[in-house]
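*Asks:* kindly generate the corresponding structure for this input.
(one chain, ligands or ions: 2)
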Amino acid sequence: MALSEALQYIDTHFQRSVAGLQELVRIPSISTGADAGADGQVARAAQFLADQLAAAGLAARLVTAPGGGNPLVLAHPAAPRAAVPTVVVYGHYDVQGVEAVGWRCDPFAGLELEGCLWARGASDDKGQLWAHVKAAEALLAVDGVLPVNLVFLLEGEEECGSGALSRFLQAGGLADLAPVACTVVSDTGMYAPGRPSLTLGLRGIVFTTVTVQGPPQDLHSGLYGGLVANPNHLLVRALASLFDDSGRIQIPGFYDDVRLPSPRERAGYQALEQEAPDLLAGLGLTPTPGEPEFSLLERRWLRPSLDIHALRGGSARTVVPAQAAATLSCRLVPDQQPARVQAQLESFLRAQFPATTRVEFGPAHAAAPYTLDLDDPVVAPALRALQLGFGREPVLVREGGSIPISGTLAANTGAPVLFVGFGQLTDNWHGPNEHFSLADLRGGMRTAAALYYELAAAIGRC
Ligand code: BES
Ligand code: ZN
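*Replies:* Numbering: from 1, shown residues only. Ligands and ions are numbered 1, 2, ... in the order given. Coordinates of the predicted model:
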């Protein structure tokens with residue numbers, strides 16, 4: 001049978017798959033911060049993937065979205081088959097920037113050590129999308145065709161809001177595909193090491209910067225201190241009013257639309273509690289008081305949150321600064337609406353400043369939370385594929401992070417989005433020493449290959 005031959009192929013050619021991923025992670029395709037887009041590296045990563053998909057036997061090309069931006073990689077069978085469903089694989093080849101300290105090795109060397117590949121993007125998301133590229137290669141090598149019309153849709157702006165992909169989708173970029181049965185996304189984590197996981201929900205996000213204008217230029221505080229409004233003072237007071245002493249968010253109406261999952265789904269999550277990995281203790285951390293009626297797991301998966309990511313204002317000189325700014329985000333859960341929360345946040349903060357203060361917001365990006373129904377027909381095939389891929393019973397989870405394009409993908413394809421992640425929550429996404437376990441790469445490739453078969457069979461039956 002083609003699947004068992006493909007699984008065999010995956011093992012026989014595993015070292016080559018690792019070497020290919022090493023090449024990919026060595027390309028610093030950073031899409032955020034000061035290093036964004038440096039030296040055409042983002043385009044290089046896109047071209048590398050297009051070449052690999054073409055070598056695997058797919059028709060692959062780079063696409064520039066309306067209005068430009070980092071290229072999309074689009075690949076599909078040269079001759080799609082009418083008799084099989086169309087499945088989109090979404091992933092992102094862009095990565096976060098790197099901080100100078102804390103790395104045990106060069107973040108773009110792609111070192112293989114202790115059973116893992118160490119690099120920025122190794123797990124988020126290059127290693128995970130690579131599992132699909134290599135699964136498709138294996139199936140094409142042993143069988144010449146894929147069990148579904150597999151469409152790769154890889155973007156280079158996930159870490160900065162998915163602007164290009166969302167313009168591409170809104171402009172009908174996928175319109176000439178056969179109806180899409182499902183979009184598969186591997187850009188999440190497993191509940192615990194060795195425990196394959198299907199993620200039924202991700203939180204949404206409202207991400208913005210608030211900028212407060214002070215005097216027209218930095219002024220000596222010996223002359224002006226205490227006499228004119230200091231934007232740093234105004235900003236920290238406003239930010240402090242976002243929370244009460246227990247950490248509850250004080251924006252009026254913020255919690256109004258929050259809806260907990262069904263009792264059945266929530267009971268499933270509660271049953272996982274005893275197996276919950278302690279993400280805090282390993283780092284020597286203790287939890288904040290938070291909402292006492294919710295466990296830490298529920299706070300991460302089911303409750304909204306607000307974090308201040310960066311504070312900028314003045315310098316370490318004795319001045320009243322000209323400007324202060326804070327970058328912050330809210331994580332959203334069903335049924336919170338990003339536009340509504342953004343408006344609530346902005347008007348709450350604005351009201352904390354004297355009327356004469358110039359306060360500006362933006363740039364902002366916002367994305368709705370995404371959930372997949374527990375009873376969706378794609379859940380059972382995905383669970384079977386995860387079981388086969390990792391050799392252990394999978395669990396249904398949610399996660400606290402965000403993949404901003406999820407809702408747009410679902411709306412534009414009219415099909416569910418299925419999150420089957422192969423990373424670990426301890427892979428250090430966005431931090432120093434990001435890594436991806438080669439065992440998870442293998443499990444991911446096996447899962448991906450099995451999933452295409454399972455989806456073909458299940459969707460064929462519907
Ligand atoms: N891979 C993550 C999404 C993720 C994070 C899933 C944690 C599950 C748990 C993705 O690459 C990511 O980092 N997304 C950003 C989006 C933001 C920059 C708009 C996030 O969640 O912060
Ligand atoms: Zn990320």
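*Asks:* CA atoms for contacts and neighbours, from now on please.
*Replies:* Noted.
*Asks:* tell me the confidence at residue 39?
*Replies:* For residue 39, the model assigns a pLDDT of 82.
*Asks:* from ligand 1, how far out is it?
*Replies:* 22 Å (Cα to the nearest ligand atom, to the nearest Å).
*Asks:* residue 22 now?
*Replies:* Counting by Cα to the nearest ligand atom - residue 22 and ligand 1 are separated by 19 Å.
*Asks:* let me see the contact set for residue 389.
*Replies:* Counting by Cα atoms under 8 Å, 6 or more residues apart in numbering, residue 389 makes contact with 443-448, 450.
*Asks:* let's see that with 7 Å instead.
*Replies:* Counting by Cα atoms under 7 Å, 6 or more residues apart in numbering, residue 389 touches 443-444, 446-447.
*Asks:* just give the closest residue to it, not the sequence neighbours.
*Replies:* Residue nearest to residue 389 in three dimensions, not counting chain neighbours: residue 447, with 4.0 Å by Cα to Cα, 6 or more residues apart in numbering.
*Asks:* now swap in residue 217 and tell me
*Replies:* Once flanking residues are discounted, residue 217 sits nearest to residue 322: 4.8 Å by Cα to Cα, 6+ apart.
*Asks:* go on, residue 415?
*Replies:* Nearest non-adjacent residue to residue 415 (Cα to Cα, 6+ apart): residue 182, at 5.1 Å.
*Asks:* how many residues are close by that neighbour?
*Replies:* By other Cα atoms under 10 Å, the residues close to residue 182 number 22.
*Asks:* and if you look at residue 277?
*Replies:* Neighbour count of residue 277, defined by other Cα under 10 Å: 16.
*Asks:* who are the contact partners of it?
*Replies:* Taking Cα under 7 Å, 6+ apart, we find residue 277 in contact with residue 192.
*Asks:* check residue 225 too.
*Replies:* Contact analysis of residue 225 by Cα under 7 Å, 6+ apart lists residue 320.
*Asks:* could you rerun that using 10 Å?
*Replies:* By Cα atoms under 10 Å, 6 or more residues apart in numbering, the contact list for residue 225 reads 219, 318-320.
*Asks:* any chance of those residues in CSV with distance to ligand 1, pLDDT and secondary structure as columns?
*Replies:* What follows is the contacts of residue 225, written out as CSV (distance: Cα to the nearest ligand atom, whole Å; pLDDT from 0 to 100; DSSP: H, G, I helix; E, B strand; the rest coil):
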residue, distance to ligand 1, pLDDT, secondary structure
219, 35, 98, strand
318, 34, 97, coil
319, 33, 97, strand
320, 32, 98, strand
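*Asks:* quick check: the farthest pair among those residues?
*Replies:* Distance extremes for these: the farthest pair is 219 and 318 at 8.4 Å, using Cα to Cα.
*Asks:* these two: who's more crowded?
*Replies:* Remark: of residue 219 and residue 318, residue 219 carries more neighbours, 18 against 13, as counted by other Cα under 10 Å.
*Asks:* wait, doesn't that one sit right on residue 322?
*Replies:* Yes - with contact defined as Cα atoms under 10 Å, residue 219 reaches residue 322; the gap is 7.6 Å.
*Asks:* now the common contact residues for these two.
*Replies:* Residues touching both residue 219 and residue 322 (Cα under 10 Å, 6+ apart): residue 230.
*Asks:* okay, helices next: where are they in the stretch 151-300 of the chain?
*Replies:* Counting by DSSP state H, counting those that start in this stretch, the stretch 151-300 of the chain has helices at residues 163-170, 221-224, 231-240, 263-271, 296-302.
*Asks:* kindly reformat those as JSON lines containing mean pLDDT, mean neighbour count and distance to ligand 1.
*Replies:* JSON lines is the format used below for those (pLDDT from 0 to 100; neighbours: other Cα atoms under 10 Å; distance: least, Cα to the nearest ligand atom, whole Å):
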{"stretch": "helix 163-170", "mean pLDDT": "96", "mean neighbour count": "20", "distance to ligand 1": "10"}
{"stretch": "helix 221-224", "mean pLDDT": "98", "mean neighbour count": "13", "distance to ligand 1": "37"}
{"stretch": "helix 231-240", "mean pLDDT": "98", "mean neighbour count": "17", "distance to ligand 1": "20"}
{"stretch": "helix 263-271", "mean pLDDT": "96", "mean neighbour count": "13", "distance to ligand 1": "16"}
{"stretch": "helix 296-302", "mean pLDDT": "97", "mean neighbour count": "20", "distance to ligand 1": "9"}
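*Asks:* just to revisit the earlier point, quick check, nearest of the contacts of residue 225 to residue 333?
*Replies:* Distance to residue 333 across the contacts of residue 225 (Cα to Cα) is lowest for residue 320, with 39.3 Å.
*Asks:* for that closest one, grab the count of nearby residues.
*Replies:* Per other Cα under 10 Å, the neighbour tally for residue 320 reads 28.
*Asks:* near ligand 1, which residues of the stretch 351-462 of the chain are found?
*Replies:* Within the stretch 351-462 of the chain, the residues that sit near ligand 1 (Cα under 6 Å from any ligand atom) are 399-404.
*Asks:* shouldn't residue 372 be in contact with residue 420?
*Replies:* No - using Cα under 10 Å, residue 372 is not in contact with residue 420; the gap is 11.9 Å.
*Asks:* in contact with the most far-flung residue of the chain relative to its centre, which residues?
*Replies:* Within the chain, the residue lying farthest from the chain centre (Cα atoms, centre = their mean) is residue 223, at 48.2 Å. Residue 223 is in contact with 319-320, counting by Cα under 10 Å, 6+ apart.
*Asks:* any idea how far it is from residue 320?
*Replies:* In this view, residue 223 and residue 320 are 9 Å apart by Cα to Cα, to the nearest Å.
*Asks:* give me the below-cutoff pLDDT ranges for this protein.
*Replies:* 460-462 (pLDDT under 70).
*Asks:* biggest helix in it, by residue count?
*Replies:* helix 438-461 (DSSP state H).
*Asks:* pull it out as CSV, backbone CA atoms only.
*Replies:* Taking C-alpha atoms only, helix 438-461 is exported to CSV below (Å, rounded to 0.1, in the frame of the first residue of the first chain):
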residue,chain,number,x,y,z
LEU,A,438,14.0,15.5,14.9
ALA,A,439,11.6,12.9,16.5
ASP,A,440,8.8,15.5,16.0
LEU,A,441,9.9,16.1,12.4
ARG,A,442,9.6,12.4,11.8
GLY,A,443,6.3,12.1,13.6
GLY,A,444,5.1,15.2,11.7
MET,A,445,6.0,13.8,8.3
ARG,A,446,4.3,10.5,9.1
THR,A,447,1.2,12.3,10.4
ALA,A,448,1.0,14.5,7.3
ALA,A,449,1.3,11.5,4.9
ALA,A,450,-1.4,9.6,6.8
LEU,A,451,-3.6,12.7,7.1
TYR,A,452,-3.9,13.2,3.4
TYR,A,453,-5.1,9.6,3.1
GLU,A,454,-7.5,9.9,6.0
LEU,A,455,-8.9,13.1,4.6
ALA,A,456,-9.3,11.6,1.2
ALA,A,457,-11.2,8.7,2.6
ALA,A,458,-13.3,10.7,5.1
ILE,A,459,-14.3,13.5,2.7
GLY,A,460,-14.9,11.0,-0.1
ARG,A,461,-17.5,9.4,2.2
